[in-house]
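Q: Need coordinates for the following:
(2 chains)
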Amino acid sequence: MKDRREAKDIDGGVKASPADAQPADFIRNIISEDIRAKRYDSRVHTRFPPEPNGYLHIGHAKSICLNFGIAEDFGGLCNLRFDDTNPTKEEVEYVDSIKENVHWLGFDWSDRLYYASDYFEQLYESALQLIKKGRAYVCDLSPREIREYRGTLTEPGRESPYRDRTVEENLSLFERMRAGEFPDGSRTLRAKIDMKSGNLNMRDPVIYRILHAAHHRTGDKWCIYPMYDFAHGLSDSIEGITHSICTVEFEDHRPLYDWFLDELEVYHPRQIEFARLNLAYTVLSKRKLIELVEGKYVTGWDDPRMPTISGLRRRGYTPESIRNFCDRIGVAKRDSTVDMALLEYCIREDLNKRAPRVMAVLQPLRVVIENYPEGKSEEMDAINNPEEPSMGTRKVPFSRVLYIEKDDFREDPPKQFYRLAPGREVRLRYAYFIKCTGVVKDEQSGEVVEIRCTYDPETRGGDAPDGRKIKATLHWVSAGHSLEAEVRLYDHLFLKADPDEAGEGRDFKSYVNPQSLVTLKSCRIEPGMMHAAAGNRYQFERQGYFCVDPDSSKGRLVFNRTVTLRDTWAKIEKTLKQAKKS
RNA sequence: UGGGGAGUCGUCCAGCGGCAGGACGGCAGACUCUGGAUCUGCUUACAGGGGUUCGAAUCCUCUCUCCCCAGCCA
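A: Numbers count the residues shown, from 1 in each chain, chains lettered A, B, ... in the order given. Predicted structure coming up:
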């Protein structure tokens, strides 16, 4: 990670940038400038501050890579801090998954794991200070009344009738709030700012609310909890954060962030906002992802169709590919939607270099080699990874009865189709040339159920002594030796690039792609895969990258298709079909 | 109609007064025992109008469009 961008001295000197350095984003530019100006003692200290109320997704990965990446690049530090100020929504299950996901992505917070709830006592003290300064008051308005008093986007708000309570009264009331004397929703502590502000966040925002709820860390110790704006900035301050990076929807919270820290006269980090990630054909909001999980549109948070870190991981994505994706999408402030094709490019690029190749037939079509002796079999040498010779070779059994892919045979082939067809000769990868001499059809349906072929014994290993060229090379598997496997094919979770696009009264869930999961149960795979372990990634030659799913058990292999290979033929076929239509 | 942001190839990101560049996608070709990978080439963009300037994507100005904000969520 470190040497991709300009490397900076901690004291602000910019080192010569490596030749392959990417241009720095606007946030890194700001930080470089801060270092140059010797602000924050020339330190760089960021933080990733998730609320433990859901699983992390690829949008969070962008933020994680940004925050931890900046710390690495500038020789600084990045904390992991849980923003756990709302006990009604947060659970330990989520903090565990978040920690695991961040580690899996390849980042380390060392001993700097913090919780906003660690600071509850200090936060309370700060609230007291605000009250004493006359900058906060206990308000008895109900939630509905607070809303009414707030005004609207275009009309100013009205001041609460409780706004001018004395410091003593406020102090006593706030202490009694903490003591549990009042029911939920009956009172709040509010900052006294400006009910006429054009920025609604400044219209006397609530900073403490009463919530008689058990917190996953503090238990029943508290029945009042601080709001985000109050807790977040102060947590940043307490931790000595220099640059508090968040998404653009918090831009109009910044004046409030600054207000609290100024009023309290404490160390004051700088908040910087960037645009959150949008990805085509999926949704990236915790609320919507929860709906998909709870509505059983997917099997869980780690369903391989989910854009969650856990989902991508189970799908077969590597941490490297995700980090690389985050580098390539860049960081800016404008709204944008990244192509899924870029994510797919990143995982192909990574797996092409590291995934061992294997032959698997997804939709088997039986092939009988008429001139190959019955009962005979031989072992063919196959290369594990042409991109990486050090990965060696393996043996693949060959025999008289084989399976090839249904798609690799056409009884009546279009001109550009150069795979197997009656009378045609093709190469079986690492094996022999075979020629189709006939087909066997199902009497009822007329469907081709078996292909008859002859082989040329001179072509063993895949080369013809007479030098004749063969255009097509097919993957195959020996019927008698191969293993059965289940393969799960995934496609976009949604039919529309933007599932939120308003279709009169339609909900995003109505655009879920019914074909997003297609399960193939009778696939055949090389016998060498017998002991493939869950999580292992392979390239199924000519098809794509696949990963062993944890649903696998002894004798029952289940694979997830991570991504297809680039498929030129599929493209040709598509344009062929379109031409036919018009 | 209040406040805060943002507009550059199809998509994402650079460019910060001096030839608009990279990546992904797309198209074409080379090569190939994966129609994979690799390599080569091509394609297309400064929201609009005025101004300042020898020179504007960049500075000024007006306009248009898009996004966010009315939780005791974060």
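
Q: and A:Lys286, what does it touch?
A: A:Asn53, A:Gly54, A:Tyr55, A:His57 (Cβ atoms under 8 Å, 6 or more residues apart in numbering). Bear in mind the C-beta positions are built from the backbone N, C-alpha and C, glycine included.

Q: Recalculate using a threshold of 10 Å.
A: A:Pro50, A:Glu51, A:Asn53, A:Gly54, A:Tyr55, A:Leu56, A:His57, A:Gly59, A:His60, A:Lys89, A:Tyr94, A:Thr308 (Cβ atoms under 10 Å, 6 or more residues apart in numbering).

Q: Can you tell me which of those residues has the most neighbours?
A: Counting neighbours by other Cβ atoms under 10 Å, A:Thr308 comes out on top of the contacts of A:Lys286 with 30 neighbours.

Q: wait, isn't it in contact with A:Gly54?
A: Yes. A:Thr308 is in contact with A:Gly54 according to Cβ atoms under 10 Å; the separation is 8.8 Å.

Q: hey, what's in contact with both of those two?
A: What both A:Thr308 and A:Gly54 touch, as defined by Cβ under 10 Å, 6+ apart, is the set A:His60, A:Ser97, A:Lys286, A:Leu289, A:Val293, A:Trp301.

Q: Need phi/psi at the nearest residue to the last one once chain neighbours are set aside.
A: This means A:Trp301. Distances taken as Cβ to Cβ, 6 or more residues apart in numbering put A:Tyr55 closest to A:Trp301, at 4.3 Å, once the chain neighbours are dropped. In terms of degrees, to the nearest 10, the main-chain angles of A:Tyr55 are phi -90, psi 150.

Q: how close does A:Tyr55 get to A:Arg270?
A: Distance of A:Tyr55 to A:Arg270, given as Cβ to Cβ, to the nearest Å: 30 Å.

Q: isn't A:Ala24 right up against A:Val331?
A: Yes. Between A:Ala24 and A:Val331 there is a contact under Cβ under 10 Å: 9.4 Å.

Q: shared neighbours of these two, anything?
A: Counting by Cβ under 10 Å, 6+ apart, the residues touching both A:Ala24 and A:Val331 are A:Ile70.

Q: picking up where we left off before, would CSV of the contacts of A:Lys286 with distance to A:Tyr432 be doable?
A: Below are those laid out as CSV (distance: Cβ to Cβ, whole Å):
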residue, distance to A:Tyr432
A:Pro50, 56
A:Glu51, 60
A:Asn53, 59
A:Gly54, 54
A:Tyr55, 49
A:Leu56, 50
A:His57, 48
A:Gly59, 50
A:His60, 51
A:Lys89, 63
A:Tyr94, 56
A:Thr308, 46
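
Q: List the residues that contact the residue nearest to A:Trp301.
A: A:Tyr55 neighbours (Cβ under 10 Å, 6+ apart): A:93-94, A:97-98, A:101, A:286, A:289-290, A:293, A:300-302, A:306, A:308-311.

Q: hmm, try it at 7 Å
A: Under the criterion of Cβ atoms under 7 Å, 6 or more residues apart in numbering, the contact partners of A:Tyr55 comprise A:Tyr94, A:Ser97, A:Trp301, A:Thr308, A:Ser310.

Q: Enumerate every residue touching the first one.
A: In this case it means A:Tyr94. A:Tyr94 touches A:Pro52, A:Asn53, A:Gly54, A:Tyr55, counting by Cβ under 7 Å, 6+ apart.

Q: Same check on the last one?
A: A:Ser310 is in contact with A:Tyr55, A:Ser97, A:Asn101, A:Trp301, A:Asp302, counting by Cβ under 7 Å, 6+ apart.

Q: all helices of the stretch 201-350 of chain A, in order?
A: Remark: helices assigned in the stretch 201-350 of chain A by DSSP state H, counting those that start in this stretch are A:228-239, A:254-264, A:286-294, A:309-315, A:319-329, A:340-354.

Q: Perfect, that will be all.
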